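*Asks:* Got a predicted structure here, sequence first:
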Amino acid sequence: MIQQKQSRNTLFFLLATLFIGSQTVQASFQITVKTLTGLKFQITVEESDTIQKVKKKIHAQQGFVPEIQKLIYTGHSNEELENESTIKHYEIQKGETIHLIFKPVMMKVTVKYEKKEFEFYYDNKTLIKELKNEINTKFNIKPNEQILTFEDDNKELSGSDNDKLNTLTGVSAGTTLILKAKGTNESPSDPSNKGGKGDKSNTNGSTYLIAFVSIAIVAAVAVTMYLNANKKDKK
């Protein structure tokens, strides 16, 4: 009896181990990832994997960084899968397909104007015109009056701001651009840039001096004539 009971316990233990093992094996399965360009590949996932972990697996296999990945599963209203949710949550099954869409990579450029500066974020589709419009909003300088040069080599940012093909693709992330307004070589605080008001004040001063001297001369002549007239009357 004792031996039979031990045999039953051993058999139960073995069956339980096999069952747990089979469940573990079943938890790992392959799904297909497909991009808009037609690239297809398989990755191995588990039900407990978060979407963020799935993105890391895609990165390890294909080199696409998680930050630019947007994963969509047609079985879940075609909405973007959230990083914190799991494969099990979305009920993604073995052999099913999730779609990989690449997010535009946002880059930063710094624009400096006099003692002010601001940061502008863009991607490879952002037009030069959009940057100039933002500058107009920040500094009240019209797009056609702006001159943008690269801080490192002083070269001007080329391209017409009205051309839809002129994007910021050639501007590297982290670039600093120096902004100048056309027709102003010196700072606005310089009186010489304010319509020549400094020169005008000097001219006005000279005019007043000449007028004063002229009046003084006329007065002196008048006094002299008056005194001479009195001398003649006395004689």
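*Replies:* Received it, and whenever you're ready, just let me know what you need.
*Asks:* Look up the pLDDT of the residue positioned nearest the centre of the chain for me, please.
*Replies:* Geometric centre of the chain, nearest residue: Tyr121, 0.8 Å, by CA atoms, centre = their mean. On pLDDT, Tyr121 comes in at 84.
*Asks:* That one: which element?
*Replies:* Using DSSP states H and E, Tyr121 maps to strand 116-122.
*Asks:* so what does the next helix-or-strand element following that strand touch, helix or strand wise?
*Replies:* Counting by DSSP H and E, the element after strand 116-122 in chain order, helix or strand, is helix 128-139. Packed against helix 128-139 by the contact rule (3 or more CB pairs under 8 Å, 6 or more residues apart in numbering; DSSP states H and E) you find strand 107-113, strand 116-122, strand 146-150. No exception for glycine: its C-beta is placed from N, CA and C like everyone else's.
*Asks:* can you put the ones you listed in JSON lines and add distance to Ser158?
*Replies:* Converted to JSON lines, those look like this (distance: least, CB to CB, whole Å):
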{"stretch": "strand 107-113", "distance to Ser158": "15"}
{"stretch": "strand 116-122", "distance to Ser158": "16"}
{"stretch": "strand 146-150", "distance to Ser158": "10"}
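*Asks:* Which among those is found nearest to Lys180?
*Replies:* strand 146-150 (4.5 Å; CB to CB).
*Asks:* next structured bit after that closest one?
*Replies:* strand 176-181.
*Asks:* Could you pull out the buried residues of that next one?
*Replies:* For strand 176-181, the neighbour count (16 or more other CB atoms under 10 Å) marks 177-181 as buried.
*Asks:* Stretch 127-141 now?
*Replies:* 127-129, 131-132, 134-135, 141.
*Asks:* mind putting those residues in TSV, distance to Gln61 and pLDDT included?
*Replies:* Listed next are these as TSV, based on distance: CB to CB, whole Å; pLDDT from 0 to 100:
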residue	distance to Gln61	pLDDT
Leu127	35	87
Ile128	37	90
Lys129	39	89
Leu131	36	91
Lys132	41	92
Glu134	39	91
Ile135	42	93
Ile141	48	94
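*Asks:* In those, find the pair that's most separated.
*Replies:* Leu127 and Ile141 (17.5 Å).
*Asks:* Check which helix or strand Ala211 maps to.
*Replies:* Going by DSSP H and E, Ala211 is in helix 197-234.
*Asks:* pLDDT below threshold where in this protein?
*Replies:* Within the chain, the segments meeting pLDDT under 70 span 1-26, 159-165, 184-208, 212, 218, 223, 226-227, 229-235.
*Asks:* Kindly recompute the last result at 50.
*Replies:* 24-25, 186-201 (pLDDT under 50).
*Asks:* sorry, back to before: surely the residue nearest to the centre of the chain is in contact with Val105?
*Replies:* No. Assessed by CB atoms under 8 Å, Tyr121 is found out of contact with Val105, at 10.5 Å.
*Asks:* Right, I'll call it a day here.
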